[in-house]
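**Student:** Just a sequence and a predicted model for now, questions to come.
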Amino acid sequence: MPPDPLTDIRIISRPIEGEGVSVLMGFPGSGLVGSIALQYMVDQLQFTPIGSMTSKYFPPLAMMNKGVINVPVRIYQKDAIAVVVADIPIHPMICYEVANGILEWLAPFSIREIVTLAGIVTNESEKRVFGVTTSEESLLRIQDVTIILPVGSISGIASSLLTECKLRNIPAYGLLGETVNAPDPRAAAATIGVLNKIFPLNLDVQPLLDQAEEIEATMQKLSEEVQTSDVGPKKEHLPMYG
């Protein structure tokens, strides 16, 4: 039986306050771009935790920090920006229900727009940020700060959120950071750079870039160790037959 978004997706939260609030969402995906970027943002700018989301269909996983458990999907707010950020991937079979459940919860509030952050895997290493929207009118908000995707498709919870917003006539944007299939703080920093141009965040991304250099150095070292290590027995130790 598929999950019921009204009963199997539980959101326990204080109401979102204010008029014309922008809601930013980041779930794990390629490069963990959305999750890294938004968790960094709420930590650095000291957003206030206001709630959480749970479901019996979520994987049995809980993250912890210094011995304290974090709920897998958290909700924050500061001024006219609310954030939904997750540590767990959303299974494709329940993406629709999760997207619908979030938007049903948001329906009573004064929401200006929804912005979902995700990663897009390419063969390049430029860390560009691509943009998609739910309407031609919405393109005006991001066309000068992203590369508009002319054709293609996106998948996962980001696509479900954008599709559900389009059906409900809610202005929505997808910011897709160019990444690889590994945790990518550099792609997250590039995506925050676009958020800095859309919203008055003035968020410094240098700590994320420093973290990216550490990860890249570690990966390079591991790669070199694999290439120089003996992966098999030396020739003189091979068994002889005949």
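**Tutor:** Looks like it came in fine.
**Student:** all strands in this structure, in order from the N-terminus.
**Tutor:** 9-13, 21-26, 48-55, 63-65, 68-70, 73-78, 81-86, 111-121, 129-133, 147-148, 172-179 (DSSP state E).
**Student:** Adding mean pLDDT, write those out as CSV.
**Tutor:** Putting the strands of the chain into CSV (pLDDT from 0 to 100) gives the following:
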stretch, mean pLDDT
strand 9-13, 92
strand 21-26, 97
strand 48-55, 94
strand 63-65, 78
strand 68-70, 86
strand 73-78, 96
strand 81-86, 96
strand 111-121, 94
strand 129-133, 94
strand 147-148, 92
strand 172-179, 94
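**Student:** which one of these has the most crowded surroundings?
**Tutor:** Highest mean neighbour count among those (mean count of other Cβ atoms under 10 Å): strand 172-179, with a mean of 26. To be clear about C-beta, it is placed using only N, CA and C from the backbone, and glycine gets the same treatment.
**Student:** Could you export the strands of the chain to TSV, including columns for distance to Pro207?
**Tutor:** Compiled in TSV, the strands of the chain are given as follows (distance: least, Cβ to Cβ, whole Å):
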stretch	distance to Pro207
strand 9-13	28
strand 21-26	18
strand 48-55	21
strand 63-65	17
strand 68-70	20
strand 73-78	19
strand 81-86	17
strand 111-121	18
strand 129-133	19
strand 147-148	25
strand 172-179	17
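**Student:** Can you say which of the ones you listed is nearest to Ile94?
**Tutor:** For Ile94, the closest of those is strand 48-55, at 7.4 Å, according to Cβ to Cβ.
**Student:** packing partners for the closest one?
**Tutor:** Using 3 or more Cβ pairs under 8 Å, 6 or more residues apart in numbering; DSSP states H and E, the elements in contact with strand 48-55 are strand 9-13, strand 73-78, helix 95-106.
**Student:** Please name the strands paired to the first one in the sheet, noting orientation.
**Tutor:** Spelled out, that is strand 9-13. strand 48-55 (antiparallel) (DSSP bridges).
**Student:** And for the strand it pairs with, what's in contact with it?
**Tutor:** Applying Cβ atoms under 8 Å, 6 or more residues apart in numbering, the contact partners of strand 48-55 are 3, 8-14, 16, 71-78, 82, 84, 94, 98, 101-102.
**Student:** And the residue most central in space within the chain, how far from Ala158?
**Tutor:** Among the residues of the chain, the one closest to the centroid is Gly34, at 1.9 Å (Cα atoms, centre = their mean). Distance of Gly34 to Ala158, given as Cβ to Cβ, to the nearest Å: 8 Å.
**Student:** again, but for Gly20
**Tutor:** Counting by Cβ to Cβ, the gap from Gly20 to Ala158 is 23 Å.
**Student:** Between the two, which is the more surrounded one?
**Tutor:** Ala158 (27 against 9; other Cβ atoms under 10 Å).
**Student:** ok, now how distant is the nearest residue to that one once chain neighbours are set aside from Ala80?
**Tutor:** The shortest distance from Ala158 to any non-neighbouring residue, by Cβ to Cβ, 6 or more residues apart in numbering, is to Ala118 (4.2 Å). As for Ala118, its distance to Ala80 is 23 Å (criterion: Cβ to Cβ).
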